[in-house]
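> model the structure of this input:
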Amino acid sequence: MREPSIKELLKLYEEGKANEEQRRRVEEYLAWHQGQSPEFMKEPGDETGPLEEILSKIRVAREPAGGEAPVYEMEGRRRRTYAWIAAASVVVVIAGIFLLSRNTHQSVPVQVAAIYKTVQAKPGERVHLLLSDSSEVWLNAGARIRYPQPFGDSMRRVELLDGEAYFQIHSDARRGFEVGTDRMVAKVLGTSFNVKAYRQSQQMSVAVSSGKVAVSAGREGGMILTAGQLVRYNTVTERLSRGGIAVEKIQGWKNGRFDFVDESLGDIAIELEHYYNAKIDFKYPGLRKYAVSASFSHQTSLKDILTTLCLLNQNHVTQTDAQHYVIH
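Predicted coordinates for the structure are as follows:
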């Protein structure tokens, strides 16, 4: 069977399809690559294949205990290594590879394009990130984000893969800033805003604290939002709808509160599941659609929150075990 090229191995690794041996080879290669010059020469007459030639010169990377990955932040001009976050993962994507010239027996370096990092907040925790352009991001419990390190010269773009995040964007007239989800894009220059895009929910939202944000999704042409405005996107109907929201409620979760503003019980349950690492079921699907506005401290127990929410709609909640609740 043909030995996969390093390019093929990197693609398998990026897509999560590499087996244990392939992952080991790629991680060793990446560890070597980050510590070496981009120039690589093949000795004349050496007929070893390009993959074996590269791997033979790899310095083995030593992983932290338990396979945990460090999350890095920047404070001012000094870089610090913060506490290990067990749920965080660093995904490195190397777009540059080395191509072997068969005629000259010399490798040709290709420019390294980007290194991507993926960070996920654990249940019950919030994560603060300072990006390479000095923009700040706060991840709500369970949220997952992916971004390049550093940004390119033309556009700054991050991907909110799941959950909720608050952004405070450093103004840069040369480079816009985009936050993408699987269905929606928010574009800004310098502003602060919140994006909610839980993968289990049929509704996403963007709420603006300051500045302006252009939101586009589905078949809609897009909307311009200013401070105190909110747009919701329904992934089923593919429609955007605009509304208002108090600025202090936009970042309530950053300050230790749940601020639910005209949200369905189903969507509220998803957010609570992420925070408390629990499972919330509904005996009847129609119960998910009840709209609720309410505020709670993060110190409030999940059972007390669910009990109060159910009283507002004359429902009931039953706790079946430590982390499982049923609304009926």
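
> burial check on residue 289, number of neighbours?
Counted with other C-beta atoms under 10 Å, the neighbours of residue 289 add up to 11. Backbone N, C-alpha and C define where each C-beta goes, glycine included.

> which residue is nearest the middle of this structure?
residue 145 (1.1 Å; C-alpha atoms, centre = their mean).

> distance check, the closest residue to residue 252 other than its chain neighbours against residue 295.
The shortest distance from residue 252 to any non-neighbouring residue, by C-beta to C-beta, 6 or more residues apart in numbering, is to residue 259 (3.5 Å). The gap separating residue 259 from residue 295 is 5 Å, by C-beta to C-beta, to the nearest Å.

> any common contacting residues for these two?
Contact criterion C-beta atoms under 8 Å, 6 or more residues apart in numbering; residues bridging residue 259 and residue 295 by contacting each: 249, 252.

> those two - which one has more neighbours?
Between residue 259 and residue 295, counted using other C-beta under 10 Å, residue 259 has the larger neighbour count: 18 against 12.

> residues contacting the helix or strand harbouring the more buried one, please?
In the assignment (DSSP states H and E), residue 259 maps to strand 257-264. The contact list for strand 257-264 (C-beta under 8 Å, 6+ apart) reads 203, 230, 243, 245-246, 249, 252-253, 268, 271-272, 275, 288-298, 305.

> selection in PyMOL covering whichever of those are buried, please.
Selecting only the buried entries of those in PyMOL, with 16 or more other C-beta atoms under 10 Å as the criterion:
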select buried, resi 203+230+245+249+252+253+268+271+272+275+288+290+292+296+298+305
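
> among the contacts of strand 257-264, which ones are in helices?
249, 268, 271-272, 275, 305 (DSSP state H).

> least confident of those residues?
Scanning those for pLDDT, the smallest score is found at residue 249, 91.

> residue contacts, that one?
Contacts for residue 249 (C-beta under 8 Å, 6+ apart) come out as 259, 261, 295.

> between those residues, which is closest to residue 185?
Proximity of these to residue 185 (C-beta to C-beta) peaks at residue 261, which lies at 22.8 Å.

> what about the closest one, neighbour count?
The tally of other residues near residue 261 (other C-beta under 10 Å) stands at 19.

> over to residue 308?
There are 14 residues near residue 308, going by other C-beta under 10 Å.

> the one 4 residues further on now?
In terms of burial, residue 312 registers 13 neighbours under the definition other C-beta under 10 Å.

> wait, it sits on residue 292?
Yes. Using C-beta atoms under 8 Å, residue 312 makes contact with residue 292 at a distance of 5.8 Å.
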